[in-house]
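Colleague: Please find the sequence and the predicted model below.
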Amino acid sequence: MLQLSYPLLLLLLPLPWLLLRWLPPQPSAQPALQVPFMARLARASRQAPQPQLIPRRLPLQWLQLGLIWLALLLALARPVWLGEPVVETRPGRDLLLAVDISGSMDTADMQAADTDGGDPITRLAALKTVLNQLVRERPGDRFGLIVFGSAPYLQLPFSQDPALFSQLLAEVKPPMAGPKTMLGDAIGLALKLFAASESPEKLLLLFTDGNDSGSQIEPLIAAGFAAQAGIKIHTIAVGDPATPGQPALDLTGLAALAERTGGQLFMARAPAELAQLQARLATLEPSQLQQRYHQPRQPLYHWPLAVALLVALAVHGWLGWQQWRQLRRPAAGEVPHAE
């Protein structure tokens, strides 16, 4: 669809005619030439035929000026061609998953959700199933993945590719990052990643089955920095805290860490509770998909300018050709020279 950005400029179309019609000619400040026989020159000029070399403005020249003025006004009005509207979909939240892969996450104390009895599965295996489903069902969020143990590591920067997330998550095995659980350091790495994020919503899901093993920064202090940066943290305690041979999980500390940022503590002692976590997150943190409408605009101002140039070239070319014919034509009474 064709549209003029400044259509009111077309109101200037009659401006040259108005100036020509109502403004008087500028008088010359130079003194006129005075001759004693001016009256005889005037009578002779009235009686003699009009010389052909005296320039006269032809109707074609007036048409040329009008077309050029119209083309210039159209160019100044900035004509544009509007394309079909394009809907741009953008994620509304950056969601970072911090997964504990210390040795305790290899504890097989969970029952697969799709089996009745049978061999139990490890905590990390149950968590992987839920995280893959979580990513697939939240298309409005960008996902990142941090794994941590004795130190935190970035496994996947923020992305909207569920297949890539699943591939990189499948490669994670305990205890790749060491046997300890550095909760505070994992939050510190998350703060660095969120610092480069321009998303208005920032959420960290911290999955762990252990207590902090002496991070360089205290988990509660790191949570305070996260709260100042507008990052909400939900902590998820994975596995049964009463499993024999495992240290007692500090649920109070995990709850305080989440509350510091306005988040909550979730228990995931079985695959069923992990599956319920997804539904609760959908209620607390609904997926946000932002849509922005954009209509492509192609400028066309160069076309009126090209028309003005072509009109000027065509008229001046025609007038020059006519003058050349006049000069080539023999004068009246002149006998053409014979070779």
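Modeller: Noted; the coordinates are in hand.
Colleague: I'd like the secondary structure assignment at residue 130, please.
Modeller: Secondary structure for residue 130, judged by DSSP: H, G, I helix; E, B strand; the rest coil, is helix.
Colleague: and it, what is it in contact with?
Modeller: Listed by C-beta atoms under 8 Å, 6 or more residues apart in numbering, the contact partners of residue 130 are 271, 274, 275, 277, 278. Placement of C-beta: from N, CA and C, glycine included.
Colleague: low pLDDT regions in the stretch 1-150 of the chain?
Modeller: The model of the stretch 1-150 of the chain has pLDDT under 70 over residues 25-35, 38, 41-42, 44-57, 88-91, 111-118.
Colleague: all strands of it, in order?
Modeller: Remark: strands of the stretch 1-150 of the chain, listed N- to C-terminal, are 2-4, 79-82, 86-91, 93-100, 141-148; assignment by DSSP state E, counting those that start in this stretch.
Colleague: Of those, which is nearest residue 285?
Modeller: Among the strands of the stretch 1-150 of the chain, the nearest to residue 285 by C-beta to C-beta is strand 93-100 (7.3 Å).
Colleague: Spit out the contact partners of the nearest residue to residue 124 once chain neighbours are set aside.
Modeller: The spatial neighbour of residue 124 that comes closest, neighbours along the chain excluded (C-beta to C-beta, 6 or more residues apart in numbering), is residue 105 at 4.4 Å. Residues in contact with residue 105 (C-beta under 8 Å, 6+ apart) are 122, 123, 124, 127, 174, 209, 238, 239.
Colleague: From residue 167, how far out is residue 105?
Modeller: Distance from residue 105 to residue 167, counting by C-beta to C-beta, to the nearest Å: 19 Å.
Colleague: and if you look at residue 226?
Modeller: Taking C-beta to C-beta, one finds residue 226 at 28 Å from residue 167.
Colleague: So between the two, which is more surrounded?
Modeller: Counting neighbours by other C-beta atoms under 10 Å for residue 226 and for residue 167 shows that residue 226 has the greater number, 24 against 11.
Colleague: measure that one to residue 262 for me?
Modeller: Distance, residue 226 to residue 262, by C-beta to C-beta: 10 Å.
Colleague: show me where the stretch 101-250 of the chain has helices.
Modeller: Listed in chain order, the helices of the stretch 101-250 of the chain (DSSP state H, counting those that start in this stretch) span residues 123-136, 162-170, 183-195, 219-228.
Colleague: can you put the ones you listed in CSV and add distance to residue 75?
Modeller: Putting those into CSV (distance: least, C-beta to C-beta, whole Å) gives the following:
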stretch, distance to residue 75
helix 123-136, 52
helix 162-170, 49
helix 183-195, 47
helix 219-228, 53
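Colleague: Which of the ones you listed sits closest to residue 83?
Modeller: Residue 83 sits nearest to helix 162-170 of all these, at 31.2 Å, using C-beta to C-beta.
Colleague: contacting residues around the closest one?
Modeller: Residues beyond helix 162-170 that count as contacts (C-beta under 8 Å, 6+ apart) turn out to be 99, 128, 131, 132, 135, 136, 143, 145, 155, 156, 159.
Colleague: could you flag which of those are buried?
Modeller: Among the contacts of helix 162-170, those buried by neighbour count (16 or more other C-beta atoms under 10 Å) are 99, 128, 131, 132, 135, 143, 145, 155, 156, 159.
Colleague: just those residues now: which is nearest residue 70?
Modeller: Residue 70 has its nearest neighbour among the buried ones among the contacts of helix 162-170 in residue 159, at 53.7 Å by C-beta to C-beta.
Colleague: My read is that that closest one contacts residue 143, right?
Modeller: Yes. With contact taken as C-beta atoms under 8 Å, residue 159 and residue 143 are classed as touching, separated by 6.2 Å.
Colleague: Which strand residues bridge residue 152?
Modeller: The partner list for residue 152 in beta bridges (DSSP bridges) reads residue 148.
Colleague: just to revisit the earlier point, from the contacts of residue 130, which one has the minimum pLDDT?
Modeller: Across the contacts of residue 130, the smallest pLDDT goes to residue 271, namely 75.
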